[in-house]
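S.K.: Sequence and predicted structure are below.
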Amino acid sequence: MNAKTQNSFNLEISKPVGIVARNLIKVYDDPSSDSGIIALRGVELNVKPGSLVSIIGPSGAGKSTLLNVLGAMYPPTAGELYVGSIPVHSLRHWQIDYYHQKIVGFLWQLPERNLLPELSAEENVEYVMQIAGYPKDKRKERIKYLLTAVGVWERRTHKLGQLSGGEAQRVGLAVALANEPAILLADEPTGELDSETTMEVIGYLQDLNKDEDLTMVIVTHDGRFERMTHQSFHILDGMISGVRRSITGEAAKDWRSAEREELAFVDQFGNVRIPSELRKRHAIGSYVRFVSEDGRLYIEPAEVSTNE
């Protein structure tokens, strides 16, 4: 076995997989500045294997950059990123191609990024399989399974221009899962859809998360994803500012009745990041006091004299 084959074998993983990010930093070159543009400022994530999570934040918060780093589209400037046992931050050249073809699936906001317009729905799914060397004798069975699972089997012969926005996005989801990836990364997958179709797509994502033993990361500004995923990471100014998770451990089917709890984020250095709305609600300034009573730890605002 040559070195390349051995390394390919080492890149193989069993589903489900977890994702661990440690102090991820991403700085873009800026021709007008010597300092560059800092998009990620020490992001840390711990995504459980097989979970459906969302990353939510306003425009410019760094969520799309984070998704691209998770997908090995961009290398991080610093920090570590592991998908299962794979050190994504260290991948190079053909290893990145292998990662894209075998490990990760992408679902983009715009259907034209997911589908080739000259191909039918089933041809789009098979095309991805051909590129990645998916076994020919298994293709037809999986194509039918996927297009049926997302409710568009009856539209299998239709091309992009003949599909509605929701149908095109569902075909895109089938394309993203064609090669049985271990993780799915979705960037604003419902950004162009109406409310009813959005809920349908979320439902398909939830079902496939279980059926395919997938780990899913959804980047969005849609608050319904926050309530209908196992865990939600809030990103602001390139840092994870807070975490919300399902109290029951299940992804809710109805966002209006979802029960969530809010957590403060503690990074690898022990720094606690208190969500901005909690800081405002409890008038927390630059300092807090830790109080330990009866086995419980409390955090309360602390004023500091200007003479200190």
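M.R.: Nice, I can see it.
S.K.: Now do the contacts for residue 39.
M.R.: 26, 27, 28, 62, 65, 238 (Cβ atoms under 8 Å, 6 or more residues apart in numbering). No exception for glycine: its C-beta is placed from N, CA and C like everyone else's.
S.K.: Now list the buried members of the residues you listed.
M.R.: Buried members of the contacts of residue 39, counted by 16 or more other Cβ atoms under 10 Å: 26, 27, 62, 65, 238.
S.K.: For these, name the two members farthest from one another.
M.R.: Taking Cβ to Cβ as the measure, the buried ones among the contacts of residue 39 span a maximum distance of 11.5 Å, between 27 and 62.
S.K.: residue ranges with poor pLDDT in the stretch 51-200 of the chain?
M.R.: Of all residues in the stretch 51-200 of the chain, none has pLDDT under 70.
S.K.: so after the longest helix anywhere in the chain, what's the next helix or strand?
M.R.: Among the segments of the chain that qualify as a helix by DSSP state H, the longest is helix 195-211. Downstream of helix 195-211, the first helix or strand assigned by DSSP states H and E is strand 215-220.
S.K.: Which strands or helices does that following strand pack on?
M.R.: strand 52-56, helix 63-70, strand 183-187, helix 195-211 (3 or more Cβ pairs under 8 Å, 6 or more residues apart in numbering; DSSP states H and E).
S.K.: if we can go back for a sec, in a markdown table: the buried ones among the contacts of residue 39, plus distance to residue 155.
M.R.: What follows is the buried ones among the contacts of residue 39, written out as a markdown table (distance: Cβ to Cβ, whole Å):
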| residue | distance to residue 155 |
| --- | --- |
| 26 | 39 |
| 27 | 44 |
| 62 | 36 |
| 65 | 34 |
| 238 | 40 |
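S.K.: so which of the residues you listed comes closest to residue 116?
M.R.: For the buried ones among the contacts of residue 39, the nearest to residue 116 is residue 65 (26.4 Å; Cβ to Cβ).
S.K.: Am I right that that closest one is in contact with residue 40?
M.R.: Yes - counting by Cβ atoms under 8 Å, residue 40 is a contact partner of residue 65 at 5.9 Å.
S.K.: any residues in contact with both of the two?
M.R.: 26, 238.
S.K.: ok, which stretches of the stretch 101-250 of the chain are helices?
M.R.: For the stretch 101-250 of the chain, the helices defined by DSSP state H, counting those that start in this stretch cover 111-114, 121-132, 136-149, 165-176, 195-211, 223-227.
S.K.: and the fourth one, which residues are buried?
M.R.: So that's helix 165-176. Of all the residues in helix 165-176, those buried under the rule 16+ other Cβ under 10 Å are 166, 167, 168, 169, 170, 171, 172, 173, 174, 175, 176.
S.K.: mind giving me the domain split of this structure?
M.R.: Following automatic domain parsing, the chain resolves into domains at 3-273, 275-308.
S.K.: So which of those domains is the most surrounded?
M.R.: Using mean count of other Cβ atoms under 10 Å, the stretch among those with the largest mean neighbour count is domain 3-273, at a mean of 18.
S.K.: So what pairs up with the residue most central in space within the chain in the strands?
M.R.: The residue lying closest to the centre of the chain (Cα atoms, centre = their mean) is residue 217, at 2.1 Å. Residue 217 has the following beta-bridge partners by DSSP bridges: residue 53, residue 185.
S.K.: In contact with it, which residues?
M.R.: 19, 47, 53, 54, 55, 67, 70, 183, 184, 185, 186.
S.K.: The third one: what's it in contact with?
M.R.: By Cβ under 8 Å, 6+ apart, the contact list for residue 53 reads 47, 216, 217, 218, 229, 230, 231, 232, 233.
S.K.: swap the cut-off to 7 Å and go again
M.R.: With contact set as Cβ atoms under 7 Å, 6 or more residues apart in numbering, residue 53 has these partners: 47, 216, 217, 229, 230, 231, 232, 233.
S.K.: And the nearest residue to the fourth one once chain neighbours are set aside, how far from residue 183?
M.R.: Distances taken as Cβ to Cβ, 6 or more residues apart in numbering put residue 54 closest to residue 229, at 4.4 Å, once the chain neighbours are dropped. From residue 54 across to residue 183, the span is 14 Å (Cβ to Cβ, to the nearest Å).
S.K.: what's the answer for residue 169, then?
M.R.: Going from residue 169 to residue 183 by Cβ to Cβ gives 19 Å.
S.K.: Doesn't residue 49 lie inside a helix?
M.R.: No - assigned with DSSP: H, G, I helix; E, B strand; the rest coil, residue 49 falls outside any helix and is coil.
S.K.: give the contact list for the closest residue to it other than its chain neighbours.
M.R.: Once flanking residues are discounted, residue 49 sits nearest to residue 16: 3.9 Å by Cβ to Cβ, 6+ apart. Neighbouring residues of residue 16 by Cβ under 7 Å, 6+ apart: 49, 50, 213, 214, 215.
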